[in-house]
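Dropping a prediction and its sequence here:
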Amino acid sequence: MARPPVLAQGRAYLAIPGPSVIPDAVLNAMHRAAPNIYAGELVEMMPGLLADLRRVARTRHHVAMYIGNGHAAWEAALSNVIAPGDKVLVPATGRFGHGWGEMASGIGAVVEILEFGRAAPMDMGRIEARLREDRGHEIKAVLAVHVDTSSSVRNDIAALRGVLDATAHPALLMVDCIASLGCERFEMDEWGVDVMVTASQKGLMVPPGLGFVFFSDKAAEARAAMARVSRYWDWQPRAQAEEFYQYHGGTAPTQHLYGLRCALDMIHEEGIEQVWQRHAVLARAVWAACEAWAREGGFAINIAERDCRSHAVTALRLPAPGATELRDWVQTQLGLTLGVGLGMAAPGDPAWHGFFRLGHMGHVNGHMILGMLGGVEAGMRALGIAHGKGALDAAAEVIAGGEFIRV
Ligand SMILES: *Cc1c(COP(=O)(O)O)cnc(C)c1O
């Protein structure tokens, strides 16, 4: 019996905004017998790992590691500086600000959300007005998301620091870089960030399972002033471990540490500035294609302004149920998995099937991005989804141009 061809054989490609593609070198580094956790290579590896993590975050200050995902890092960071009854301000630009705020509520914080919708960055004017109103300095921390992975907006963290400085407000600046670290420029010290959280499975190219909390001396002082901090989340022994087990609050995440070692070597061999450049160019190829598709039919890019778009993820819309049909088609026909929409419509709402996202974070290169875009184009043709022409030409033009981009 003749059957139509299915073109999904070959290496599958997970183009979702995390977990991201894991380099073979990282997988290979993890594939080993259980190492000794009392002496030897693994134990000796820790100071170098922490130093190389700090280089990615552009900080001279402190970092604590946790066995956990991004949610764990959220809770860890909050647990060190926020006590029940403390007030936190959350400027929300998508799902993840709300998520961090919910975590803060869970440990007893009084959470105030400044809502900026799902398609725009923070409005610094509104934040400034709110901070000026807070004459008694009740707000203990501002919880900001650098790249909101649901809306794909990128917020200007340096500008947010500027607002705190302009209002002389002492609140801690806490930033979620889970989607952005290792993809977008982030300057912890230069931008005056007090606490930064991230996780292993996005720009850091390691499987999910490690969370990281970076903190400044000011944040360490806030920690020291707390009446009590949960022993497990306490960043102090993890950042200044005297015994190996203290780095991890127990048994080390052995294989993950080897994966992380390899991923950090890859990042620093390429150079962090070059990593940012690569993501900037690849994002522009994605945008060029999406802007062409959006010229006809119902294809739409969630974030209108290029300056406010993430270099790691792009949130998109099609008339429902086009997005779900497209994801299904490229998955079954091409072995390409695209991201579902997040926080744009409730699952169960027919509108949910109109949202999707392209992940382009971490271990991605030109041919992967061109292949992903080609897959989307083919899918829309196969499904009869109306779209503008010339998307692949436009993306190829960006890749061919290879220009330096100020990030
Ligand atoms: C992925 C992500 C999270 C959540 O991380 P988990 O590892 O899924 O817990 C939080 N914030 C942002 C911005 C993210 O992209």
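Yep, it's here. Numbers count the residues shown, from 1 in each chain.

pLDDT of stretch 54-62, averaged?
The average pLDDT for stretch 54-62 rounds to 98.

From the rest of the structure, what touches it?
Outside stretch 54-62, the residues that touch it by CB atoms under 8 Å, 6 or more residues apart in numbering are 63, 177, 181-182, 186-190, 193, 196, 198, 204, 214-217, 220, 235, 239-240, 264, 267-268, 272. No exception for glycine: its C-beta is placed from N, CA and C like everyone else's.

among the residues you listed, which are in helices?
217, 220, 235, 239, 264, 267-268, 272 (DSSP state H).

is it possible to export these to CSV including pLDDT, neighbour count and distance to the ligand?
Listed next are the ones in helices among the contacts of stretch 54-62 as CSV, based on pLDDT from 0 to 100; neighbours: other CB atoms under 10 Å; distance: CB to the nearest ligand atom, whole Å:
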residue, pLDDT, neighbour count, distance to the ligand
Asp217, 98, 11, 25
Ala220, 98, 20, 23
Trp235, 98, 25, 18
Ala239, 98, 20, 21
Leu264, 98, 21, 19
Ile267, 98, 22, 18
His268, 98, 13, 23
Ile272, 98, 17, 19
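
What is the nearest of those to Gln246?
The shortest gap between Gln246 and any of the ones in helices among the contacts of stretch 54-62 belongs to Ala239, at 9.5 Å (CB to CB).

Correct me if wrong: the closest one contacts Ala64.
Yes - counting by CB atoms under 8 Å, Ala239 touches Ala64, with 4.6 Å between them.

Mind listing the shared neighbours of the two?
Counting by CB under 8 Å, 6+ apart, the shared contacts of Ala239 and Ala64 are Phe215.

Tell me the secondary structure at the nearest residue to Thr337 once chain neighbours are set aside.
Sequence neighbours aside, Leu14 is the residue nearest to Thr337 in space, at 4.9 Å (criterion: CB to CB, 6 or more residues apart in numbering). Three-state assignment for Leu14 (DSSP: H, G, I helix; E, B strand; the rest coil): strand.

burial measure for Leu14, as a count.
Look at Leu14: counted by other CB atoms under 10 Å, it has 15 neighbours.

Ok, Asn28 next?
Asn28 has 12 neighbouring residues, counting by other CB under 10 Å.

Just the helices from the stretch 101-250 of the chain, written as ranges.
Assigned by DSSP state H, counting those that start in this stretch, the helices in the stretch 101-250 of the chain fall at 124-133, 157-166, 217-224, 235-239, 244-248.

Give me the distance from the last one to the chain's centre.
So that's helix 244-248. Relative to its chain's centre, helix 244-248 lies at 26 Å (CA atoms, centre = their mean, to the nearest Å).

pLDDT (mean, whole number) over it?
Averaging pLDDT along helix 244-248 gives 97.

Excluding covalently adjacent residues, which one is nearest to Thr324?
That would be His353: by CB to CB, 6+ apart, it lies 4.0 Å from Thr324.

wait, what's in contact with the one you found?
His353 neighbours (CB under 8 Å, 6+ apart): 320-325.

Quick one: name the residues of the stretch 201-350 of the chain near the ligand.
Pro208 (CB under 6 Å from any ligand atom).

what about the strands in the stretch 201-350 of the chain?
Per DSSP state E, counting those that start in this stretch, the stretch 201-350 of the chain carries strands over the ranges 210-215, 300-301, 313-317, 336-340.

Columns mean neighbour count and distance to Thr59 on top of those, output as CSV?
Below are the strands of the stretch 201-350 of the chain laid out as CSV (neighbours: other CB atoms under 10 Å; distance: least, CB to CB, whole Å):
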stretch, mean neighbour count, distance to Thr59
strand 210-215, 28, 6
strand 300-301, 18, 33
strand 313-317, 26, 24
strand 336-340, 21, 30
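
and Arg3, which of those is closest to it?
strand 336-340 (20.7 Å).

Now the element after the closest one, going C-ward?
strand 355-359 (DSSP states H and E).

Residues touching that next one, excluding its own?
Residues contacting strand 355-359 (CB under 8 Å, 6+ apart): 14-18, 20, 149, 152, 286, 312-318, 323-324, 326-327, 338-342, 344-345, 372, 376.

Quick one: neighbours of the residue nearest to Pro237 when sequence neighbours are not counted, just the number.
Among residues not flanking Pro237 along the chain, Gln246 sits closest, at 4.3 Å (CB to CB, 6+ apart). Residues lying near Gln246 (other CB under 10 Å) number 15.

oh, and call the first residue 678 from now on, that's how I've got it
All set: I'll call the first residue 678, so the last point we hit is now Gln923.

Quick check: the gap between Gln923 and the ligand.
If you measure Gln923 against the ligand using CB to the nearest ligand atom, to the nearest Å, the figure is 23 Å.

same deal with Gln686?
30 Å.

how close does the residue nearest to that residue when sequence neighbours are not counted get to Cys854?
Using CB to CB, 6+ apart and skipping residues adjacent in sequence, the residue nearest Gln686 is Gly1012, 7.1 Å away. Distance, Gly1012 to Cys854, using CB to CB, to the nearest Å: 30 Å.

More neighbours: those two, which one.
Taking neighbours as other CB under 10 Å, Gly1012 and Cys854 compare with Cys854 leading, 29 against 17.

That one is in contact with Met873, isn't it?
Yes - with contact defined as CB under 8 Å, Cys854 reaches Met873; the gap is 5.4 Å.

Give me the common contacts of those two.
Taking CB under 8 Å, 6+ apart as the criterion, Cys854 and Met873 both touch 734, 863.

In contact with the spatially closest residue to Pro712 that is not a sequence neighbour, which residues?
With sequence-adjacent residues excluded and distances taken as CB to CB, 6+ apart, Pro712 is closest to Leu719, at 4.7 Å. With contacts defined as CB under 8 Å, 6+ apart, the neighbours of Leu719 are 712-713, 921, 929, 931, 934-935.

at 10 Å what do you get?
711-713, 921, 929, 931, 934-935, 938 (CB atoms under 10 Å, 6 or more residues apart in numbering).

And the residue of the protein closest to the ligand?
In the chain, the residue found nearest to the ligand is Gly747; the distance is 2.3 Å by CB to the nearest ligand atom.

From Asp984, how far off is that residue?
25 Å.

neighbour count winner among the two?
Taking neighbours as other CB under 10 Å, Gly747 and Asp984 compare with Gly747 leading, 25 against 8.

Can you verify my assumption that the more buried one contacts Gly888?
Yes - with contact defined as CB atoms under 10 Å, Gly747 counts as touching Gly888 (6.3 Å).
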